[in-house]
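>>> Structural data only, the sequence is not supplied:
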């Protein structure tokens, strides 16, 4: 057994322990939901291969091999004023002679020779990496074609130091030098990813000559070996908000020894290189439409604007949208409920779990989910069940669970002072899955924070509507946006203008990998973004309080009409809910 | 005892062994004769310190600490578009807060922030290193004042792999991968030097932020971890002839982790960065005088030219000038004869040894040299004794020792077919010190090669005289140039225009360290140098054969008149030697 490992079945606990379940021993693999999104990317990679035939040396022209290589590169490829890494110098003479004076060289940014191989070579790879707090995802791209040839994701092993970012920063504050452990952990995971994508593709790790990174500010700092404690408290000063180019070896990344790393710029202390990636993928600055970009995690990063102005802020939504701090919540993994429908008349639920295409009332559902069982509710499931509870009248406008309905269906149960809604009763040794009043409150707090952030930016920009909404990240990919609207997480917008941006941060990393001109563009763009700090804006608190309630369904909101127009989603009965005219969430805004 | 060490007094040799006497156990320390020469150097170091006060961060202006540092550097020092090393980013936030927002940063080449310290700091150091085949010398300079604050020299530990360059290349050819051992050895010695100069000065190794290097092509390649085998045979192709800037960590140099290294350019396969250093120290291209620069070692590097043209070649002088392959020869060390006078009438010698100011016929000489004894003859001593033998008639024009003189003085002894001249008879257990006929031949071969190289360049340039001669290197520093002229090592020149350039290569390294603009200048200059390969020039062989003889003293040469004008050096009697008119060395040149 590896050092530090114990078999839980044969270990006696004698005192306080910290138990770390290694991901390799997990029966149900975490679903790392970060696919490479289809996205048109201009192909102009920073690393290019050039095949050249080099003049042999002779006694009458005693120039160095490098100079004759440079002459060939200038003559055949118009490359001038090149630098050359020392490692290349160490390999150059052997490569030229083994290749009979024909070699392929890799040139970085048209300026630096970073690799040399004997003979002709056409394959060179780059890695685009999204370092999330929870998961790390990498896409291996063929730099000459832009094709994604392999993808891999792992859990961020820093989780053992704290589930969320702030507990990791707390760990560092309480354990001086602890930032080094966090840095070592994330870099080790990155090397696992490198190994994984290389093995998938059958290439050597040294065939990867470039990597790009996005991540939130704390991940950004820890990746680079920068202590993140300054990001743990006001004024949340970043070490740097600029883009960074460095050597792969400087972050211990086991790819080609001369590979360079490009880390996208951060925007502000809470708005990181991941948001820069989203910006690069979405480019709201290229349109006159007012775009809202939202990346929901423990914090929501929000960008609003168009080709005139761009504003960004971060809003403390808390971990509820990720299924944390929810009594029956769990991460997205097989067995987690992700889709919910509640019959507004019977108040009976049906649901789907990750890992099966069947609804719970379909024949064969039990057999299909026998492996994992139904274990909890993931982030998108939480949003659906809560919205469905609201649409079926189980939850009131103010978020309280309506105990009067206990008469209609025993799933509405009293817990003493409050009520809960039971999705599944206790079966065998498994406890019941219930939505508790506190769970609803946690979601209310999160969605109010998100909405308040959006409202703050809208007010700063002087707009009262947005033209399009793009939801980035895993959460944005998996929630049904209609439900987000029902709950008032996001502002009104034509439903066909609301869509998932997928893993836009990762897409941004991929664009920076494949199109070198995009690097200057994003560096310029993030400087143009106006940073709003929600913590020092009194209006944010006002908006937050106002946004706690769930919008009334009686308003002639686009979203409501579209939601009710979907017969499968809202049976006719629901049209009757709250028929009277009441002030909507929006109308509640102070004049 | 350290690993691999044995006490010779208690070790039995059971088979073939390679014995390496560690320099630390040597009773008589090697004299590493590479002092820093006084030399006017324009002071414009590539690394400069800048003290700045940085704006504190605040919630309303959430920029990174680096950006505010850059703003301060631009405002106070007009530095723009700076890059920043990752190590600095890792230390920046702590430095700013510990320094209460006042820090000192080191900026490299006005472009890259390479170090940061809290508060005010004024000391920053650089190291100029001359990596010779035999010795390695380093000068530590204060970069703000240009002052040499410490110097240190060590033997090049690669000597255990071969005394001269070609035997080291042979070692690599016969032991694949052996170049790594040679690289490790020289880098370890460099770190010993770093430690030594740091301790002398009382600074930390991390206070050294820049280093410059010169060395012959093989030392240059081995320092950089480049296999030197291509330099061991035609066409003697360098990996690169360009200047190289790299990180100190890339050559494992234990100075500041962000320190950069600048290696001066090589000129050709036999004419290295050491000659580039000599060029930079001497700048023959700035004068219309025809200058001859000669750096004598196992090869002599020769540069000839002025502000119109510059030619360079290397000539295979062999190791005789360094005291090797001479029966009584030895390296420059206490006990080695370095000055010799022979009375032309009695043919009796007197001499001085390294480590004592007394001549051998001075009272107290025996007591003064009792410690070391008189152990051999060093390179400059060989030249003197041979020239004095010629001036006193012991050696004839063709280099043979005149056996007829055995009648006049028993020091001229027959060795069977040839004769020898005994400097010291056998005393106690020590053998006699004699100049053998073969020793004279070895010096003749060496001086003929040197002279032939010079003549080749003179012919290429179409000149038949030079205006000034500068002798670089340890040999050039210690020989009496008059004797070199007597032997015909160097061409005719007014004696006051012949001088030692000292360790000009090391001076060049120091100039490159202290004056960054000199780097572009030397890079441009070496490209202008016309490289002559003696091995493919038939005229070189002709000149070589012609130059074997020792020039007649009857010619009205400047050097002869000046030599005889010195009463102490040449007694009146010598004027009589070879009074008849005979063709001189120069007159022997084919029309």
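Good, I have the coordinates. Since we're looking at a predicted model, the values are computed, not measured.
>>> Flag every buried residue along stretch A:60-69.
A:62, A:63, A:64, A:65, A:66, A:67, A:68, A:69 (16 or more other CB atoms under 10 Å in any protein chain shown). The C-beta positions use only the backbone N, C-alpha and C, and glycine is treated the same way.
>>> before we move on, what about stretch A:289-296?
A:290, A:291, A:292, A:293, A:294, A:295, A:296.
>>> Including distance to chain B and secondary structure, could those residues go into JSON lines?
Formatted as JSON lines, the buried residues of stretch A:289-296 follow (distance: CB to the nearest CB, whole Å; DSSP: H, G, I helix; E, B strand; the rest coil):
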{"residue": "A:290", "distance to chain B": "23", "secondary structure": "coil"}
{"residue": "A:291", "distance to chain B": "22", "secondary structure": "strand"}
{"residue": "A:292", "distance to chain B": "21", "secondary structure": "strand"}
{"residue": "A:293", "distance to chain B": "19", "secondary structure": "strand"}
{"residue": "A:294", "distance to chain B": "20", "secondary structure": "strand"}
{"residue": "A:295", "distance to chain B": "18", "secondary structure": "strand"}
{"residue": "A:296", "distance to chain B": "21", "secondary structure": "strand"}
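>>> Let me know the closest of these to residue B:382.
When these are ranked by distance to residue B:382 (CB to CB), residue A:295 comes first, at 79.4 Å.
>>> beta partners of the residue lying closest to that closest one once chain neighbours are set aside?
In this structure, residue A:295 finds its nearest non-sequential neighbour in residue A:472, 4.1 Å apart by CB to CB, 6 or more residues apart in numbering or on different chains. Residue A:472 forms beta bridges with residue A:295, residue A:502, as assigned by DSSP bridges.
>>> Do I have it right that residue A:472 meets residue A:503?
Yes. Between residue A:472 and residue A:503 there is a contact at 7.4 Å, judged by CB atoms under 8 Å.
>>> Quick one: find the helix or strand in chain A with the lowest mean pLDDT.
With mean pLDDT, DSSP states H and E as the measure, the helix or strand of chain A carrying the lowest mean pLDDT is helix A:558-565 (a mean of 42).
>>> coming back round to it: so for residue A:472 and residue A:503, which sits in the more crowded spot?
More crowded of residue A:472 and residue A:503, by other CB atoms under 10 Å in any protein chain shown: residue A:503, with 32 against 29.
>>> before we move on, back to that, which one among the buried residues of stretch A:289-296 gets closest to residue A:234?
residue A:295 (22.4 Å).
>>> so that closest one touches residue A:275, yeah?
Yes. Residue A:295 lies in contact with residue A:275 (CB under 8 Å); the separation is 6.4 Å.
>>> shared neighbours of the two, anything?
Between them, residue A:295 and residue A:275 have A:301, A:505 as joint contacts when contacts are counted by CB atoms under 8 Å, 6 or more residues apart in numbering or on different chains.
>>> check contacts around residue A:82.
A:70, A:73, A:107, A:111, A:112, A:113.
>>> and residue A:358, how many neighbours does it have?
Close neighbours of residue A:358, defined as other CB under 10 Å, add up to 15.
>>> The helix or strand containing residue A:89 packs against which elements?
Using DSSP states H and E, residue A:89 sits in helix A:86-98. With contacts taken as 3 or more CB pairs under 8 Å, 6 or more residues apart in numbering or on different chains; DSSP states H and E, helix A:86-98 sits against helix A:65-77, strand A:102-108, strand A:112-118, strand B:244-247.
>>> Now do it against strand A:102-108, angle only.
Computed by axes from the mean of the first three to the mean of the last three CA atoms, to 10 degrees, the angle separating helix A:86-98 from strand A:102-108 equals 160 degrees.
>>> So for helix A:86-98, what gets flagged as buried?
Under the neighbour-count criterion of 16+ other CB under 10 Å, helix A:86-98 has A:86, A:87, A:88, A:89, A:90, A:91, A:92, A:93, A:94, A:95, A:96 buried.
>>> Reformat these as JSON lines; add pLDDT.
As requested, these are arranged in JSON lines below (pLDDT from 0 to 100):
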{"residue": "A:86", "pLDDT": "96"}
{"residue": "A:87", "pLDDT": "96"}
{"residue": "A:88", "pLDDT": "97"}
{"residue": "A:89", "pLDDT": "97"}
{"residue": "A:90", "pLDDT": "97"}
{"residue": "A:91", "pLDDT": "97"}
{"residue": "A:92", "pLDDT": "98"}
{"residue": "A:93", "pLDDT": "97"}
{"residue": "A:94", "pLDDT": "97"}
{"residue": "A:95", "pLDDT": "98"}
{"residue": "A:96", "pLDDT": "98"}
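>>> For residue A:541, give me the pLDDT.
Predicted confidence (pLDDT) at residue A:541: the value is 95.
>>> Quickly note the distance from the nearest residue to it once chain neighbours are set aside to residue A:200.
Across the structure, with CB to CB, 6+ apart as the measure, the residue nearest residue A:541 apart from its sequence neighbours is residue A:452 (7.9 Å). From residue A:452 over to residue A:200 the distance is 43 Å, taken as CB to CB, to the nearest Å.
>>> So those two - more neighbours on which side?
Between residue A:452 and residue A:200, counting by other CB under 10 Å, residue A:452 is the more crowded of the two (27 against 13).
>>> got the contact list for the residue nearest the centre of chain A?
Within chain A, one residue has its C-alpha closest to the average C-alpha position: by CA atoms, centre = their mean, that is residue A:473, at 4.0 Å. Residue A:473 is in contact with A:295, A:296, A:297, A:503, A:504, A:505, counting by CB under 8 Å, 6+ apart.
>>> Nearest spatial neighbour of the second one, chain-adjacent residues omitted?
So that's residue A:296. residue A:475 (4.4 Å).
>>> ok, and the one you found, which helix or strand is that part of?
Secondary structure here is read from DSSP H and E; on that basis residue A:475 sits in helix A:473-478.
>>> Which residues of the stretch 151-300 of chain A lie near chain B?
Near chain B, the residues belonging to the stretch 151-300 of chain A are A:224-227, A:230, A:234-242, A:244, A:246, A:250, A:266, A:268-269 when assessed by CB under 8 Å from any CB of the partner chain.
>>> Drop anything exposed from those residues.
Among those, those classed as buried by 16+ other CB under 10 Å are A:224-227, A:230, A:235-242, A:244, A:246, A:250, A:266, A:268-269.
>>> hmm, back to that, need the per-residue pLDDT for the residue nearest to residue A:296.
What the model reports as pLDDT for residue A:475 is 79.
>>> Let me see the contact set for it.
By CB under 8 Å, 6+ apart, the contact list for residue A:475 reads A:296, A:297, A:321, A:322, A:379, A:380.
>>> Equivalent analysis for residue A:373, please.
Applying CB under 8 Å, 6+ apart, the residues contacting residue A:373 are A:335, A:430.
>>> how many other residues sit next to residue A:3?
Other residues within reach of residue A:3, judged by other CB under 10 Å, total 4.
>>> thinking again about what came up before, could you export the contacts of residue A:473 to CSV, including columns for pLDDT?
Putting those into CSV (pLDDT from 0 to 100) gives the following:
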residue, pLDDT
A:295, 92
A:296, 86
A:297, 77
A:503, 90
A:504, 93
A:505, 94
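>>> Show the backbone phi and psi for residue A:447.
Note on residue A:447: backbone dihedrals following degrees, to the nearest 10 are phi -70, psi -30.
>>> Okay then, goodbye and thanks.
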